[in-house]
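Enquirer: only geometry, no sequence info:
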Ligand code: BJ8
């Protein structure tokens with residue numbers, strides 16, 4: 001099934017990509033991946049699937065998506081875990097995440113955005129406008145969402161270049177907000193029907209709800225394995241699985257994650273660990289880590305500690321809470337979707353005490369020694385919320401380190417020094 005590189009070049013050309021610039025990215029990624037990932041010892045065999053996906057990240061999945069498009073399916077590009085994939089799947093559409101996680105795309109974003117915009121937004125806009133990412137080219141339509149100000153305004157710029165549907169996410173969680181969100185999901189369903197030419201029916205939506213719930217359960221199984229005293233998987237590997245979950249077919253994703261979870265559960269039974277005994281356990285909380293942002297995990301896991309959980313959108317927020325599968329009307333299903341998605345605790349909500357409760361709960365469940373609160377530079381909502389996060393952790397007697405960083409490597413040395421000092425202090 002493996003395609004020739006030349007086939008991919010033809011595909012990228014057809015997508016109107018800037019091949020020369022894209023080449024530069026293709027050259028650095030394998031080295032980066034080798035240094036960060038393949039250098040690890042005793043990795044679970046199941047990670048072979050994800051290694052393979054990364055080795056041809058701009059080839060394999062993109063060519064699948066193009067095949068699907070040839071068969072009449074539509075691809076929806078998303079940027080946020082509030083966008084309900086179920087609705088798209090119910091209309092026989094495909095969802096792919098689009099968040100940019102590499103410095104490579106940031107200068108492209110800076111051509112049109114203020115410099116003091118968070119790197120995730122700059123990279124996402126740069127990847128589209130510079131035509132250097134196939135996923136950004138393939139998507140028939142982007143789905144934006146009113147969450148933080150930076151994204152909201154960036155979607156207006158992207159909308160000049162690509163069809164865009166923006167969902168109005170409430171900023172509070174009162175009953176009337178949840179109702180309004182259910183209505184917003186219904187409006188989205190209308191847009192999805194129009195784009196795909198397919199109707200969202202109760203049966204189809206029920207099937208889609210089950211598909212996505214199964215994916216959530218599978219991801220959770222892998223995370224649950226990280227609660228074990230002897231860690232069967234590194235944080236870096238778990239992060240990779242999570243990052244690719246945003247791009248993959250949801251049924252295959254669940255299958256691969258379940259296979260990995262089987263292996264991890266066996267490792268736990270056999271007492272196999274990828275870290276020496278006594279390795280300090282770290283929970284990360286904060287802004288998302290879009291692929292290939294492996295920077296902080298790599299620093300932590302080469303400084304004598306292990307990341308055991310991410311309270312992030314590329315983490316627990318993506319899979320915790322299931323959608324009720326028992327609804328028999330579209331109205332009931334939209335309400336059930338609204339309720340599940342509104343359980344997600346992003347800092348764009350006010351107040352957002354639920355996130356603090358989540359962090360404390362997860363710190364206990366995963367038996368962590370300390371928490372690192374990581375903020376992408378210029379993300380003011382998470383930065384501000386850090387005040388409550390750090391205060392609550394101190395009150396709970398859990399050591400916490402606040403960090404602000406971006407996609408560059410310029411602060412790596414300094415970060416490593418701070419992380420090492422923090423881990424040493426956990427003593
Ligand atoms: S639900 S975290 S995916 S909005 S880091 S772009 S918030 S300035 S990504 Fe997010 Fe949805 Fe919330 Fe999750 Fe803005 Fe902050 Fe940048 Fe961010």
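Expert: Nice, I can see it. Everything quoted here is computed from the prediction, not taken from an experiment.
Enquirer: in the chain, which residue is closest to the centre?
Expert: residue 314 (3.4 Å; Cα atoms, centre = their mean).
Enquirer: what's the spacing between that residue and residue 410?
Expert: 23 Å (Cβ to Cβ, to the nearest Å). For the C-beta atoms, the positions are set from N, CA and C on the backbone; glycine is no exception.
Enquirer: just residue 170 next, same as before
Expert: Between residue 170 and residue 410 the distance is 38 Å, computed by Cβ to Cβ.
Enquirer: And whichever helix or strand residue 220 is part of, what does it pack against?
Expert: Residue 220 belongs to helix 202-225 when assigned by DSSP states H and E. Applying 3 or more Cβ pairs under 8 Å, 6 or more residues apart in numbering; DSSP states H and E, one finds that helix 202-225 contacts helix 85-90, helix 235-245, helix 250-270, helix 316-319, helix 330-341.
Enquirer: what separates it from the chain centre, distance-wise?
Expert: Mean C-alpha position of helix 202-225 versus that of the full chain (Cα atoms, centre = their mean, to the nearest Å) differs by 16 Å.
Enquirer: Report the buried residues of it.
Expert: By 16 or more other Cβ atoms under 10 Å, the buried positions in helix 202-225 come out as 204-206, 208-209, 211-216, 218-223, 225.
Enquirer: Could you check the angle it makes with helix 250-270?
Expert: Relative orientation of helix 202-225 and helix 250-270, computed by axes from the mean of the first three to the mean of the last three Cα atoms, to 10 degrees: 30 degrees.
Enquirer: Now do helix 202-225, average pLDDT.
Expert: For helix 202-225, the mean pLDDT works out to 98.
Enquirer: what inclination does it have with respect to helix 330-341?
Expert: 20 degrees.
Enquirer: Would you mind naming what in the stretch 201-350 of the chain lies close to the ligand?
Expert: Within the stretch 201-350 of the chain, the residues that sit near the ligand (Cβ under 6 Å from any ligand atom) are 287-288, 313, 346, 348.
Enquirer: which two from these end up farthest apart in space?
Expert: Greatest spatial distance among those (Cβ to Cβ): 288 and 348, at 12.5 Å.
Enquirer: more neighbours, those two?
Expert: When neighbours are counted by other Cβ atoms under 10 Å, residue 288 comes out ahead of the other of residue 288 and residue 348, with 26 against 21.
Enquirer: Please tell me the pLDDT value assigned to that one.
Expert: Residue 288 is assigned a predicted lDDT (pLDDT) of 98.
Enquirer: which residues does it contact?
Expert: For residue 288, the contacting residues are 99, 120, 312-314, by Cβ atoms under 8 Å, 6 or more residues apart in numbering.
Enquirer: and which of the residues of the stretch 201-350 of the chain next to the ligand is nearest residue 420?
Expert: Nearest member of those to residue 420, counting by Cβ to Cβ, is residue 287, at 22.4 Å.
Enquirer: So for that closest one, what's the nearest residue that isn't a sequence neighbour?
Expert: residue 376 (4.3 Å; Cβ to Cβ, 6 or more residues apart in numbering).
Enquirer: Roughly how far does that neighbour sit from the ligand?
Expert: With distances taken as Cβ to the nearest ligand atom, to the nearest Å, residue 376 is found 4 Å from the ligand.
Enquirer: Same question for residue 143.
Expert: Residue 143 sits at a distance of 12 Å from the ligand (criterion: Cβ to the nearest ligand atom).
Enquirer: picking that back up, and the direction of the helix holding residue 220 versus that of helix 235-245, what angle?
Expert: The directions of helix 202-225 and helix 235-245 differ by 170 degrees, with the same axes, to 10 degrees as the criterion.
Enquirer: if I pick residue 192, what's in contact with it?
Expert: By Cβ under 8 Å, 6+ apart, residue 192 lies in contact with 76, 87-88, 90-91, 93, 200.
Enquirer: Tell me where the protein has strands.
Expert: 75-78, 94-97, 141-145, 164-167, 280-286, 305-311, 370-376, 400-405 (DSSP state E).
Enquirer: re the thing from before, so for residue 170 and residue 410, which sits in the more crowded spot?
Expert: residue 170 (19 against 10).
Enquirer: Count the residues that sit near the closest residue to that one other than its chain neighbours.
Expert: In this structure, residue 170 finds its nearest non-sequential neighbour in residue 177, 3.8 Å apart by Cβ to Cβ, 6+ apart. Under the neighbour criterion other Cβ under 10 Å, residue 177 is assigned a count of 16.
Enquirer: Sounds good, over and out.
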